[in-house]
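**Student:** What would the 3D arrangement of this be:
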Amino acid sequence: MPSFACQDCGETFDLPQATLDKYPGWEPKFCRKHSRSRSSATKAPGSRRSRSTSARDENLTVAEVLQKYTDGPEEGIFTDGSSVPNPGPGGWGVVWVESGEVRASSHGHDPETTNNRMELTALIEAYRLLPEDAVVTLYTDSRLCVDTITQWAPGWEKKGWKKKGGEIKNLELVKELLALSRAHPNCTLEWIAAHAGNRWNEYADSLAMAWRRETV
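**Tutor:** As a prediction, the model looks like this:
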């Protein structure tokens with residue numbers, strides 16, 4: 001059966017070819033567990049959606065995102081990363097916001113990468129924007145990144161960067177991100193829901209997809 005990587009947890013999951021044949025052009029992005037958690041926001045292919053189409057689906061410019069979305073936190077650093085397809089070409093985006101105004105932003109592109117690498121890269125670039133005495137919350141819509149840095153990586157480090165079940169994927173990025181998070185002890189890392197109408201998360205998503213557009 002065809003295999004796919006979940007954009008939330010990074011785990012590989014399979015789907016029968018017969019299921020894929022029902023929805024030509026559909027590329028599954030989430031495993032069963034995380035697709036259920038998103039069911040209130042995004043329905044199955046071909047069905048009606050309970051929320052408006054996401055900025056990623058529409059590939060909005062950052063100006064269009066600001067016109068369309070108003071909800072969510074007004075302070076913090078918001079990050080996002082993706083590849084289309086996964087693996088394939090991708091990008092990352094970061095925006096630093098204070099009192100609802102952009103203080104700084106950056107984005108980049110990699111011609112051959114994965115969703116998880118771009119999510120990790122976005123967080124690395126976010127920390128690089130900050131002085132070490134910064135007091136700010138960093139937001140990512142990747143639970144995998146949050147759990148990796150806040151729960152798993154310190155344990156892997158104690159074991160000589162080993163874990164049960166095999167290799168640690170994207171180890172060089174994990175090491176760099178862990179070091180940067182420790183160098184910014186007053187900053188916190190939090191998960192934020194993707195494509196839930198949070199203005200600055202959608203803005204970061206737009207930056208991550210800018211490589212697919214002529215206008216940022």
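**Student:** sec struct for the most centrally placed residue in the chain, please.
**Tutor:** In the chain, the centroid-proximal residue (Cα atoms, centre = their mean) is D80; its distance is 4.0 Å. For D80, the assignment made with DSSP: H, G, I helix; E, B strand; the rest coil gives strand.
**Student:** need the contact list for it.
**Tutor:** For D80, the contact set (Cβ atoms under 8 Å, 6 or more residues apart in numbering) comprises 92-93, 119, 122, 140-141, 194, 201, 204-205, 207-208. No exception for glycine: its C-beta is placed from N, CA and C like everyone else's.
**Student:** try 6 Å
**Tutor:** 93, 122, 204-205, 208 (Cβ atoms under 6 Å, 6 or more residues apart in numbering).
**Student:** Pairing partners for it in the sheet, please.
**Tutor:** Beta-bridge pairing for D80 (DSSP bridges): G93.
**Student:** Roughly how far does it sit from V62?
**Tutor:** Distance, D80 to V62, using Cβ to Cβ, to the nearest Å: 12 Å.
**Student:** With A153 instead?
**Tutor:** As for A153, its distance to V62 is 31 Å (criterion: Cβ to Cβ).
**Student:** Measure how buried G108 is and give me the count.
**Tutor:** 18 (other Cβ atoms under 10 Å).
**Student:** Show residues contacting the longest helix seen in the chain.
**Tutor:** Criterion DSSP state H: the longest helix present in the chain is helix 115-129. For helix 115-129, the external contacting residues (Cβ under 6 Å, 6+ apart) are 7, 10, 77, 79-83, 86, 90, 92, 94, 96, 104, 106, 138, 140, 142, 145, 170, 173, 176-177, 180, 184.
**Student:** of those residues, buried ones?
**Tutor:** 7, 10, 77, 79-83, 86, 90, 92, 94, 96, 138, 140, 142, 145, 170, 173, 176-177, 180, 184 (16 or more other Cβ atoms under 10 Å).
**Student:** Please flag which of those residues sit within strands.
**Tutor:** Under the assignment DSSP state E, the buried ones among the contacts of helix 115-129 contribute 77, 79-83, 90, 92, 94, 96, 138, 140 to strands.
**Student:** Widest-spaced pair of these?
**Tutor:** Distance extremes for those: the farthest pair is S83 and W96 at 23.5 Å, using Cβ to Cβ.
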